[in-house]
Structure formats: C-alpha cells, structure tokens
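Trainee: this is a predicted model, with the sequence first.
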Amino acid sequence: MSTATAPAPGRIGAGTGPRAANEAWEAAMEAHATLMRRFAARPYWDGASMREYDVLYTLAKCGRPQRLSDIANHVLLSQGALSRLVDRLVARGLVARCTDPADARAVHLSLTDEGRTVQRRIGRAHARDVADALSHLTATELATLRHLSHRLISQELA
C-alpha cells in the first residue's frame with residue numbers, strides 16, 4: 001500500500017472489476033492507516049488508549065447499557081481482547097457492570113461518571129482533530145464519503 005505503487009488518481013474508479021475494487025480498497029486502507037497514525041500521535045489520549053476510548057465512545061453513543069457482544073459489533077477487537085480491555089476499564093472505574101434486568105445471566109456495561117468525563121474530554125479533542133484532518137474535503141466530498149461508507153456497512157449487514 002505504498003504510495004510508490006499507488007495507481008494514478010485518474011485511474012481509481014476507472015473500472016468496475018476486481019482491479020478497480022482492490023485499488024479503491026487499498027486507497028481506503030492507506031488513508032485509514034495514515035489518519036490513525038496521525039491521531040495516535042496526539043497528546044489527548046492521556047487517560048485512555050485509542051482502543052479504550054473506542055469502547056467508551058461506543059457506550060456513550062449507544063446511550064444505554066450494552067452487552068459485551070453488542071459492543072463487539074462496533075469495535076475492532078476480538079471478543080477475548082475486548083473482554084480483557086473491559087476488565088481494565090472496570091478496574092479503573094471508567095465502566096460499570098450491571099445485571100441485565102431481562103436476563104439475570106447476562107451482564108450489561110455502562111459508563112461511570114468518570115468514564116463519561118474521560119470520554120467527553122478525549123472526544124472533544126479527537127473530534128476537532130478529525131475535523132481538521134478532513135477539512136480539505138468539500139461538503140460534497142464529505143457527504144459522498146459518508147454515503148459510500150454507509151453503503152458498504154449496510155451491504156455487510158444485509
């Protein structure tokens with residue numbers, strides 16, 4: 001995925017076969033890796049790693065307690081790695097476990113007040129950083145990126 005082997009910009013999307021699909025995928029993955037390296041280097045992660053923040057953000061976004069399996073659908077971690085990460089977040093007082101009122105065998109996870117505070121603090125800084133990283137895209141390009149990303153997600157869920 002090096003830029004030395006990247007196709008000329010005019011060629012991306014110039015076809016519809018496997019080559020065009022793979023070139024588009026490689027470009028998306030290279031953009032993702034580049035931005036993630038940029039974000040990882042920022043100082044605002046004090047208080048939570050990027051992966052920990054991902055879980056805190058998922059819980060905040062859902063707005064209600066979630067099962068571990070529900071969180072797993074939103075983060076890039078295996079079930080085992082996610083379970084260990086949640087254990088660390090619980091031990092640090094950022095996440096709380098509670099019994100599912102509908103199924104006493106199941107456990108729900110929710111943000112503690114401290115977890116919500118950490119998520120909001122990091123989230124504000126990260127949101128500004130994301131906005132800055134994408135600021136060179138036009139409103140139409142941002143809408144297209146969002147639309148295409150949602151189409152890929154909905155295709156996978158179908």
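Mentor: That came in fine, so what should we check first?
Trainee: continuing past the lengthiest strand in the chain, what's the next helix or strand?
Mentor: Ranked by residue count under DSSP state E, the longest strand found in the chain is strand 103-111. The helix or strand immediately downstream of strand 103-111 is helix 113-133, counting by DSSP states H and E.
Trainee: now the helix ranked longest in the chain: buried residues?
Mentor: In terms of residue count, the longest helix belonging to the chain (DSSP state H) is helix 18-40. For helix 18-40, the neighbour count (16 or more other Cβ atoms under 10 Å) marks 23, 26, 27, 39 as buried. Placement of C-beta: from N, CA and C, glycine included.
Trainee: which two among those are spaced furthest apart?
Mentor: Using Cβ to Cβ, these span at most 24.7 Å, a distance reached by 23 and 39.
Trainee: mind checking the SS state of residue 96?
Mentor: At residue 96, secondary structure determined by DSSP: H, G, I helix; E, B strand; the rest coil is strand.
Trainee: wait, it touches residue 110, no?
Mentor: Yes. With contact defined as Cβ atoms under 8 Å, residue 96 reaches residue 110; the gap is 5.5 Å.
Trainee: what is the neighbour count of residue 15?
Mentor: For residue 15, the count of nearby residues is 12 (other Cβ atoms under 10 Å).
Trainee: rewinding a little: quick one: list the elements packing against the longest strand of the chain.
Mentor: helix 50-62, helix 68-72, strand 95-100 (3 or more Cβ pairs under 8 Å, 6 or more residues apart in numbering; DSSP states H and E).
Trainee: low pLDDT regions in the protein?
Mentor: 1-14, 157-158 (pLDDT under 70).
Trainee: winner for burial among the helices and strands packed on strand 103-111?
Mentor: Mean neighbour count (mean count of other Cβ atoms under 10 Å) peaks for helix 50-62 among these, with a mean of 19.
Trainee: that one - contacts with which helices or strands?
Mentor: So helix 50-62, by 3+ Cβ pairs under 8 Å, 6+ apart, packs with helix 18-40, helix 68-72, helix 79-91, strand 95-100, strand 103-111, helix 113-133.
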